[in-house]
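>>> whatever this is, show me its structure:
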Amino acid sequence: MRRTGPAFVLGFALCLASAPGLRAAVGLRAGVWYGTQGVNDPKIDAAYGAGETFVTFPCFELRFGSGWTLAAGYEVGYNRSTVMGPYDYPATFKMSGAVLLAGYEFRTGRAAIFAQGGVGQFAYAQTVVNPSVPDRPVDARQMAGLAAAGIRVYPVDAFYVGLEARYVSLKVKPYDVTVDLGGWRFAVGAGFAVDFR
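Predicted coordinates:
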């Protein structure tokens, strides 16, 4: 069975929203969120040091009807490095993801609160420069569910700033051990808004 891709879903929503009866209730958003990302698994912190790293999430969003939203974006920037083993082999761990979200935005005046849920296709890769073990890289992809909520403030109709909290549920098993790469993302964002009224 062929899977429905994010591009098809966005295209379908755009066609639906372009119907004459809905045109007055359609809005487009284009913005960027930037903030911290952590992972749940203590083994990652043990290997790469405790703490979070910063990620960027550019996204496009369609708002239609009374406040329903459909958004697509790409999370990038998770990149940690360390040295491992008795000979201090250089190691890096990277993660990124393409995300599709649906939800609702309730706007009153210049402020709006929103909640969204969806799925993401996350890529993760670990490289350890160890001449003795050259054939065990980690480079894979995994689908995961996620949920987000936040607030936007519109100083003017065509521009917004906001705060967002997002949780990703991502467990992977590259070899024999399950690793929990899920966790919280906290971000600030800004973008442009166009409404057809």
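
>>> switch to C-alpha atoms for all contacts and neighbour counts from now on
OK.

>>> my read: Thr178 touches Val172, true?
Yes: assessed by C-alpha atoms under 8 Å, Thr178 is found in contact with Val172 at 5.6 Å.

>>> after the helix or strand bottoming out on mean pLDDT in the chain comes which helix or strand?
The helix or strand of the chain with the poorest confidence is helix 6-17; it has a mean of 51 (mean pLDDT, DSSP states H and E). Next along the chain after helix 6-17, taking DSSP states H and E as the criterion, comes strand 26-37.

>>> what bridges to the residue nearest the centre of the chain?
The residue lying closest to the centre of the chain (C-alpha atoms, centre = their mean) is Glu75, at 4.5 Å. The partner list for Glu75 in beta bridges (DSSP bridges) reads Gly97.

>>> helices of the chain, start to end?
6-17, 42-48 (DSSP state H).

>>> what's the last one packed up against?
In this structure, helix 42-48 makes packing contacts with strand 68-84, judged by 3 or more C-alpha pairs under 8 Å, 6 or more residues apart in numbering; DSSP states H and E.

>>> re earlier: so the residue nearest to the centre of the chain touches Phe54, yeah?
No: look at Glu75 against Phe54 with C-alpha under 8 Å: they stay out of range, at 10.4 Å.

>>> distance of the nearest residue to Phe57 once chain neighbours are set aside from Ala112?
Once flanking residues are discounted, Phe57 sits nearest to Glu75: 4.4 Å by C-alpha to C-alpha, 6 or more residues apart in numbering. With distances taken as C-alpha to C-alpha, to the nearest Å, Glu75 is found 23 Å from Ala112.
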